[in-house]
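Engineer: need a 3D model of the following:
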Amino acid sequence: MPISRVSALGFYDTRTVTALGFVDETFVDTTTYVNLSGLSATANLGTVASTTDSPLLPSVSATISLGTVTAVGGATEVSVTGVSATTAIGVAELVTPMTNIKIGSTTPTEIHVGGTRIYKAYAGPNLVWYQSQRATQYRQSTSTITTSTTTPYPANAYYRRYILAFTYTASELAALDIINGSVISKLRWYVFNPPPSDRSPFPNYAIRMMHIGSGTNTTNPTNLGGLSSSNVTDVKAQHNYTNTTVGYTEMTLDNNFTYNGTDAIGFIFAWGQIPTNWISDGQGYRLSDGTLYYGRTDGVGTWLVTNTASSSLVNNRPVIGMYST
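Structural biologist: Presented below is the predicted three-dimensional model:
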């Protein structure tokens, strides 16, 4: 099959290129060309016809060796292997990395190659692919729907002690850019009406997380029924939790949680009887779907993350920020 004209070839960055593909297309020639040297063949190479702007290589055999590719300008020299004669090769103008990322006329939100997130630069119809380390940051819903004064929440003091349980689905986690291999090392939640200081600390405050196969936004992590759980991790051991200021509570985990990319994640929060008395403070942001499971009482003692939350409230799952890669 005839090979299209090659006018220029360049590679961005110095990372190893393990695969390379080009599309044939109409193009405007530039003044910089690829120098092809060291061509050899065990079959008929055909003829090499000279043109005014670039060489034409017709009738290339499938057994031909492409030899070496000479670097152009500041480009990095790489080896090109596995080229098939049944696939036409066409290269247009030199690629200049740009910030606008597109495939054709479509702007993708993400690209995965072998489970690894890949970012790319774009110029014209040509793509330069390179791997970029994902930022470590908080990922969470943007919902600002507020809870009521009586709604169970990780900072609520309407009852003196609580257990809270809820599930984030795999699709919700993917939308938050939490993917296979993401390591969650901190959690946070917003409190805009914190209880006064005489209601603190919340004693024996603990958090558990787990994978839940086929979990939905109505799954109760404390009573899975026929569902299965794995990677059950007490990410935060019992401790005294105090928050008397408006804003985010940020909690560094004792044990990080590594997400498997396919399951839902179940959360269980539990704490003991707060001092002084109850008060209708401790509101925050919630999701407008799914189910929150809870148990609460004013009595002495401590709820544990191993207890069962049997009461439920629809459309009130807390907005939880997850700090992860």
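
Engineer: quick one: neighbours of the closest residue to T308 other than its chain neighbours, just the number.
Structural biologist: Leaving aside its chain neighbours, T308 sits nearest to T222 (4.7 Å; criterion: CB to CB, 6 or more residues apart in numbering). Backbone N, C-alpha and C define where each C-beta goes, glycine included. Neighbours of T222 under the rule other CB atoms under 10 Å: 20.

Engineer: what about T222, which SS state?
Structural biologist: Three-state call for T222 (DSSP: H, G, I helix; E, B strand; the rest coil): coil.

Engineer: tell me the spacing between it and L287.
Structural biologist: Going from T222 to L287 by CB to CB, to the nearest Å gives 19 Å.

Engineer: break the chain into its domains for me.
Structural biologist: 1-133, 138-324 (automatic domain parsing).

Engineer: mean pLDDT lowest where, among the ones you listed?
Structural biologist: Set side by side, those give their lowest mean pLDDT on domain 1-133, at a mean of 50.

Engineer: could you count how many residues lie near S228?
Structural biologist: S228 is flanked by 12 other residues according to other CB under 10 Å.

Engineer: same check, this time on T306
Structural biologist: If you count neighbours by other CB under 10 Å, T306 ends up with 13.

Engineer: ok, F257 next?
Structural biologist: Neighbourhood size, F257 [other CB under 10 Å]: 21.

Engineer: ditto for F269
Structural biologist: Residues near F269, counting by other CB under 10 Å: 28.

Engineer: the helix or strand harbouring it pairs with which strands, parallel or anti?
Structural biologist: Following DSSP states H and E, one finds F269 within strand 264-270. Taking DSSP bridges as the criterion, strand 264-270 sits next to strand 161-168 (antiparallel), strand 202-212 (antiparallel) in its sheet.

Engineer: only C-alpha atoms, please: export that strand in CSV.
Structural biologist: Taking Å, rounded to 0.1, in the frame of the first residue of the first chain, the C-alpha atoms of strand 264-270 are listed here in CSV:
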residue,chain,number,x,y,z
ALA,A,264,-19.1,1.6,45.8
ILE,A,265,-17.6,3.0,49.0
GLY,A,266,-19.5,2.7,52.3
PHE,A,267,-18.9,5.2,55.1
ILE,A,268,-19.7,4.7,58.8
PHE,A,269,-19.3,7.5,61.3
ALA,A,270,-19.9,6.9,65.1
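
Engineer: returning to that earlier point: relative to Y162, how far out is the residue nearest to T308?
Structural biologist: From T222 over to Y162 the distance is 13 Å, taken as CB to CB.

Engineer: tell me which residues touch K236, please.
Structural biologist: When contacts are counted by CB atoms under 8 Å, 6 or more residues apart in numbering, K236 touches L187, Y205, A206, I207, M251, L253, D254.
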